[in-house]
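Enquirer: one predicted model, sequence on top.
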Amino acid sequence: MHPVRKQRLWIVIFIILGSSLAIGLTVFALRENINLFYPPSKLVNGEAPHGKTIRAGGCVVPGTVERSKENLDVAFKVTDGAEEIVVYYSGLLPDLFAEGEAVVLTGKLEDSGVFTASKVLAKHDENYTPSEVSDTVQVDESYKQGEQHMTVCKGIQYDT
């Protein structure tokens, strides 16, 4: 092989190996910071990792919010129209947090099936629902047809 070709081959191999190493190290470093979004039905069906920080969201089921009298602990249920999960949160809830409204949660799914939230985000105004929630919530189709600016959680049929 001609020396110039050999040198070019080594340069190409070095670039490919260097790029692969850089991509591998980046993915390894960011692995812990990637928070995937899961609706309640995927959490209940076991499609989400346990004990790892993830995001979940849906609508707060009316009548399920229970506040502790001693501290800031709150327990409530979140649904996507198909399944419900129990959520525990300790801290101040956003001002816009309400029953029957959309929330996005950051936290960990425990082995018991309970979601322990470290952060709770509530919807912004009466016509806004987070895109993650509106894409995953199963709304009655007759409700969708009549509303141009719908609030997704109002179209869910709650069992309670």
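Expert: Everything's here; your move. Residues are numbered from 1 along each chain as shown.
Enquirer: can I take it that residue 120 is in a strand?
Expert: Yes - judged by DSSP: H, G, I helix; E, B strand; the rest coil, residue 120 forms part of a strand.
Enquirer: ok, now how distant is it from residue 95?
Expert: Distance of residue 120 to residue 95, given as Cβ to Cβ, to the nearest Å: 11 Å. (Glycine included, C-beta is placed from N, CA and C.)
Enquirer: which of those two has more residues huddled nearby?
Expert: Taking other Cβ atoms under 10 Å, residue 120 and residue 95 do not tie; residue 120 has more neighbours (22 against 7).
Enquirer: residue 93 is in contact with the more buried one, correct?
Expert: Yes - Residue 120 is within contact range of residue 93, at 5.9 Å (criterion: Cβ atoms under 8 Å).
Enquirer: ok, longest helix in this protein?
Expert: Using DSSP state H, we find that the single longest helix of the chain is helix 3-30.
Enquirer: chain center to that helix: distance?
Expert: From the chain centre to the centre of helix 3-30 is a distance of 35 Å (Cα atoms, centre = their mean, to the nearest Å).
Enquirer: output the contacting helices and strands for it.
Expert: Using 3 or more Cβ pairs under 8 Å, 6 or more residues apart in numbering; DSSP states H and E, no helix or strand is in contact with helix 3-30.
Enquirer: and the helix or strand following it, what's its mean pLDDT?
Expert: Note on helix 3-30: by DSSP states H and E, the next helix or strand toward the C-terminus is strand 37-38. Strand 37-38 comes out with an average pLDDT of 86.
Enquirer: residues in contact with the helix or strand just after strand 37-38: which ones?
Expert: Later in the chain than strand 37-38, the nearest helix or strand by DSSP H and E is helix 40-44. Residues from elsewhere that reach helix 40-44 (Cβ atoms under 8 Å, 6 or more residues apart in numbering): 48, 56, 58, 78-80, 82-85, 109, 113, 115, 136.
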